[in-house]
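K.L.:
Test case, fold it:
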Amino acid sequence: MRPRRSGAIAANPVLIGAATVLVVLVAVFLSYNANNGLPFVPTYELTAELPNASGLIRGNEVRLGGARVGVVSRIDAFARPDGSTGARLRLQLEAAQPELPRDSTILVRPRSPLGLKYVEITKGRARETFANGATIPLAAAEVEPVELDEVFGMFDEATRAGSADSLLEWGNAFAGRGDDLGRGLRGLGPLLEHVEPALANLVAPETAFDALFPALEQAAREVAPVALAQADLLDGLDRTFGALSASRDALADAIEGGPPALDVATRELPAQAPFVSESTVLFAKLRPAFRSFADASPALASAFGNGAPALRRAPALNARLLSTLAAVEDFAADARVRPAVDRLTRFATLLEPTAAFVAPAQTTCNYLALLLRNVASAVSESDVVGSFLRFGVIAMKEGPNSEAGPSSAPANGPPSTASLTADSFLHANPYPNTAAPGQVRECEAGNERYEPGGQLIGNQPGNQGTFSERIER
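P.N.:
Here you go, the predicted model:
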């Protein structure tokens, strides 16, 4: 009697080995070409001109609205008409994306603190588009972003020392003076209330207040070349007024020149009205801020007092951070890090929709904790042999299309007139709402009520609320 043969492929080790090698080759090919985009995906190319590549490398992503739509396939330098150099990027975009409008803009943005970059495209609204092979001009490049190392470069040793000294002195100045500051700021309230009508009169159009300061500026500019002569003039005026003080008649004659000066002020002060009007609005808007300063002054004084010791220890911490930052820089420069981070980022991007959908089941409904608790409770019964699962039997009444036996359709009756347990209507909800995106914000599982006298397949009508075991959240 011949033994029965299993499947032809499973019984042939040569075919199994060949299939394994083929799968490995495909995986290696896909990994090797991952930076050039997924193979067998139709694309079209655009060329983009930028002031500089800003740390981009071949294979970096191209994003539109936060979603990946292509990769950077090539980076070249080119000379501008003014003699400076720029970067020319060749972008491979998915053919499924519509062609970009002519007023679209392009920007190089950091993807992580480790130096990974990507190209962000902001889609415009023009009707004309960039065809396959077209060039996005340099004018479409947005302002060059500030790099993280440039930000850190501002805080050199002298700047850090100066900032520490300034914060220390400010802390010493405000420490213990919270009540005084509060009373002082609180006293500004009546002042602002009374100064508002005065400022309103000052900025009236008739005063020409806006012409006052330009006139003063012009006068100062004109007298600046004769400053020494003005000093001599004041010295002479001192002697002159000393002589005039001895004669009331001469002083009266001098005062007669006052009315012309007042006439000039009457003509010029209305020009300053817009400035005074804007100042009035500004002080009115600052009034709530001054009140909040009065209430927050004790907390601010305590914060300044507690911040001084921390700032004294900050230089030592900064010195220790140098070795840490050097280690991070070496880590970022490792050629193995960037591909790994890129793949990890892609994995996180692929996992994000699933996590966003599943997370509310725990964060809103606490289902994971309830599941683990119920599992532990279910197997809590045991004897000398071992643990066993607790269960109970619900005997259903047999009949056409009932839940007690085979049926040609979901259980649909008949209804019971005696008790709920005799009903044969199917109640099933395989995908209850868990407040996930796209669902009603409710915790459906475990909160459904049995509705006698009819089928209920799916979520129960109405909102069951975001609670578990009657504990409101």
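K.L.:
any chance you could map the strands in the stretch 251-400 of the chain?
P.N.:
381-382, 387-388 (DSSP state E, counting those that start in this stretch).
K.L.:
of the ones you listed, which approaches Leu46 most closely?
P.N.:
Within the strands of the stretch 251-400 of the chain, the stretch nearest Leu46 is strand 387-388; the backing value is 64.7 Å (C-beta to C-beta). In this view, the C-beta of every residue, glycine as well, is placed from N, C-alpha and C.
K.L.:
what's the offset of that closest one from the middle of its chain?
P.N.:
Chain-centre distance of strand 387-388: 51 Å, with C-alpha atoms, centre = their mean, to the nearest Å.
K.L.:
Make 27 the starting number, not 1.
P.N.:
With 27 as the first residue, the last one maps to strand 413-414.
K.L.:
and it, which strands flank it?
P.N.:
Strand 413-414 has the following strand partners under DSSP bridges: strand 407-408 (antiparallel).
K.L.:
now the partner strand: mean pLDDT?
P.N.:
For strand 407-408, mean pLDDT is 74.
K.L.:
can you list the residues that contact it?
P.N.:
Outside strand 407-408, the residues within contact range by C-beta atoms under 8 Å, 6 or more residues apart in numbering are 413-416.
K.L.:
go on, stretch 198-217?
P.N.:
Against stretch 198-217 from outside (C-beta under 8 Å, 6+ apart): 313, 316-317, 319-321, 323-328, 330-331, 334.
K.L.:
Pretty sure Gly439 sits against Asn427.
P.N.:
Yes - between Gly439 and Asn427 there is a contact under C-beta atoms under 8 Å: 7.3 Å.
K.L.:
mind giving me the domain split of the chain?
P.N.:
60-173, 360-419+452-499 (automatic domain parsing).
K.L.:
returning to that earlier point: possible to save the contacts of strand 407-408 as a markdown table with pLDDT?
P.N.:
A markdown table is the format used below for the contacts of strand 407-408 (pLDDT from 0 to 100):
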| residue | pLDDT |
| --- | --- |
| Ser413 | 73 |
| Phe414 | 74 |
| Leu415 | 73 |
| Arg416 | 70 |
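K.L.:
Which of the residues you listed sits closest to Ala382?
P.N.:
Using C-beta to C-beta, these come closest to Ala382 at Leu415, 33.9 Å.
K.L.:
and Thr161, bridged to which residues?
P.N.:
Thr73.
K.L.:
ok, it - how many residues close by?
P.N.:
13 (other C-beta atoms under 10 Å).
K.L.:
That one touches Leu72, doesn't it?
P.N.:
Yes - counting by C-beta under 8 Å, Leu72 is a contact partner of Thr161 at 7.3 Å.
K.L.:
all helices of the stretch 27-176 of the chain, in order?
P.N.:
Using DSSP state H, counting those that start in this stretch, the helices of the stretch 27-176 of the chain run over residues 39-58, 174-179.
K.L.:
immediately after the shortest one, which helix or strand?
P.N.:
Yep, that's helix 174-179 we're talking about. helix 183-200 (DSSP states H and E).
K.L.:
Pull the distance from that next one to the chain's centre.
P.N.:
The gap between where helix 183-200 is centred and where its chain is centred comes out at 30 Å by C-alpha atoms, centre = their mean.
K.L.:
Which parts of it count as buried, going by neighbours?
P.N.:
Buried residues in helix 183-200, counted by 16 or more other C-beta atoms under 10 Å: 190, 193-194, 197, 200.
K.L.:
quick check: longest helix of this structure.
P.N.:
Across the chain, the helix with the greatest residue count (assigned by DSSP state H) is helix 299-359.
K.L.:
What angle do helix 183-200 and that one make with each other?
P.N.:
Going by axes from the mean of the first three to the mean of the last three C-alpha atoms, to 10 degrees, helix 299-359 is angled at 130 degrees with respect to helix 183-200.
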